[in-house]
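Trainee: For reference, the sequence and a predicted model appear below.
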There are 2 protein chains.
Amino acid sequence: MEIARRGVALILSGPSGVGKSTLKNALVGGEFAFEFSVSCTTRSPRGGEVDGVDYHFVDHELFERHLAAEEFLEHANVHGNFYGTLRSEVEARVMAGRDLLLDIDVQGAQQIKKLASSEPWGAFMTYVFVGPPSMAELEKRLRARNTDSDAVIARRLDGARDEMACWRDYDFLIVNDDMQQAIAELQGLVRAERVRPMRLLTENPW
Amino acid sequence: MEIARRGVALILSGPSGVGKSTLKNALVGGEFAFEFSVSCTTRSPRGGEVDGVDYHFVDHELFERHLAAEEFLEHANVHGNFYGTLRSEVEARVMAGRDLLLDIDVQGAQQIKKLASSEPWGAFMTYVFVGPPSMAELEKRLRARNTDSDAVIARRLDGARDEMACWRDYDFLIVNDDMQQAIAELQGLVRAERVRPMRLLTENPW
């Protein structure tokens, strides 16, 4: 029996190198079938990135128009590039019962949380912070990727420290020490969120 | 890494015949290691029931003394037999981080919820309602047990209808259609409740 319900809009925050990609993949396809919320950005596509899949690549003018029309649930300026989550990526899908994954940083999550308190879809957001087992382990993982200079790694670690300080603002904290355990926690909380009465659209399930 | 935390005190409500025993067993031992909260009762032990394990079997005088001393988190009179949950079964264990299972009916759960709002342990209670896929299926399961007369079954079904009307007062609704699915939902929500920041006893997990 399947009771019609609202979706689970799951915000996943956490520093680079913490394993968010693997966790996201654990919710896509199979039993879970989450959809990704695709962000807008003014930055240029990197090798292999596909418009409408990885990002909506837009120019500054279009970004400004979305902003003026209050179409962003959150947005940020990162080193001169703009990023934002369109309301159209989230609202209708969640209200129609589709589950949605949003990869959003701490500041974006705070913007959404603030807005969510006064909007119908807001009740269906779930905030999950993913952290490393320790700062030393995070540094080790960033170095193992072999993609960043020492200066970039130092900057990432500073950013990570700032983000990690906000872990208490989230509904759940996943410490990614053992990946299988982290996946079990993430999938577990999704199963749980799906059977919250406030998401179920029925007077009487029987 | 294991962060010290408060316990999960899980109240499981739902009508007779819905499969609560199997679900309870899915949280005892193995990964989950829940303890049972043992209720007090003034009724006599039935065949095989062990004092201190199945119930604390007490006389009316002792029950009244617990009641007068406000030592019950909830209590009820069921056809002349008294039942109650002692604060000493719950409070210290939950605050010490032990996970606890309470098999409590809807009215008892409501009593605990009311009390919980003004007590430190109250934040760590999780309310789970287990329902059947349908009334017809519940009746079928009760008849299949072959233990109750038609009159008793009719009374149980009336009671079930009353309890099931309160499903929205719970944090989670598990519809026990497929037992494996129901177990996955229950274990999932336990994994999730364990990683709620409000249960974690640390300033900084890193």
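Mentor: That came through fine.
Trainee: Where does residue A:133 fall, secondary structure wise?
Mentor: Under the criterion DSSP states H and E, no helix or strand holds residue A:133.
Trainee: what does the one 10 residues further on give?
Mentor: In the assignment (DSSP H and E), residue A:143 maps to helix A:135-145.
Trainee: touching chain B at all, that helix?
Mentor: Yes: using C-beta under 8 Å from any C-beta of the partner chain, we find that helix A:135-145 touches chain B at residue A:135. Every C-beta, even on glycine, is put in place using the N, C-alpha and C of the backbone.
Trainee: And the contacts of that helix?
Mentor: A:15-19, A:132, A:148, A:153, A:156-157, A:160-161, A:177, B:206 (C-beta atoms under 8 Å, 6 or more residues apart in numbering or on different chains).
Trainee: so where is chain A shaky, pLDDT-wise?
Mentor: A:1 (pLDDT under 70).
Trainee: Chain B contacts on that one?
Mentor: A:1, A:3, A:131-135, A:164-165, A:167-168, A:170-175, A:177, A:184-185, A:187-197, A:200, A:204-206.
Trainee: I would like a ChimeraX command selecting only the buried ones among the residues you listed, please.
Mentor: Buried residues among these (16 or more other C-beta atoms under 10 Å in any protein chain shown), as a ChimeraX selection:
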select /A:131,132,133,164,167,170,171,172,173,174,175,184,185,187,188,189,190,191,192,193,194,195,196,197,200,205,206
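Trainee: What about the residues of chain A next to chain B, which are in helices?
Mentor: A:135, A:164, A:184, A:185, A:187, A:188, A:189, A:190, A:191, A:192, A:193, A:194 (DSSP state H).
Trainee: Could you measure from the third one over to residue B:93?
Mentor: Spelled out, that is residue A:184. Going from residue A:184 to residue B:93 by C-beta to C-beta, to the nearest Å gives 24 Å.
Trainee: what comes up buried for the helix holding residue A:143?
Mentor: Within helix A:135-145, the residues that count as buried by 16+ other C-beta under 10 Å are A:137, A:138, A:139, A:141, A:142.
Trainee: Of those, which is the nearest to residue B:39?
Mentor: residue A:137 (44.9 Å; C-beta to C-beta).
Trainee: re earlier: put together TSV for the ones in helices among the residues of chain A next to chain B, with distance to residue A:56 on each row.
Mentor: Conversion of those to TSV gives the following (distance: C-beta to C-beta, whole Å):
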residue	distance to residue A:56
A:135	34
A:164	29
A:184	33
A:185	31
A:187	28
A:188	32
A:189	28
A:190	25
A:191	31
A:192	31
A:193	27
A:194	28
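Trainee: Can you name the two of the residues you listed that sit furthest apart?
Mentor: Longest span within these, C-beta to C-beta: A:135 and A:194, 33.9 Å.
Trainee: all strands of chain A, in order?
Mentor: Assigned by DSSP state E, the strands in chain A fall at A:9-13, A:35-36, A:40-41, A:56-57, A:72-78, A:81-86, A:100-103, A:125-131, A:172-175.
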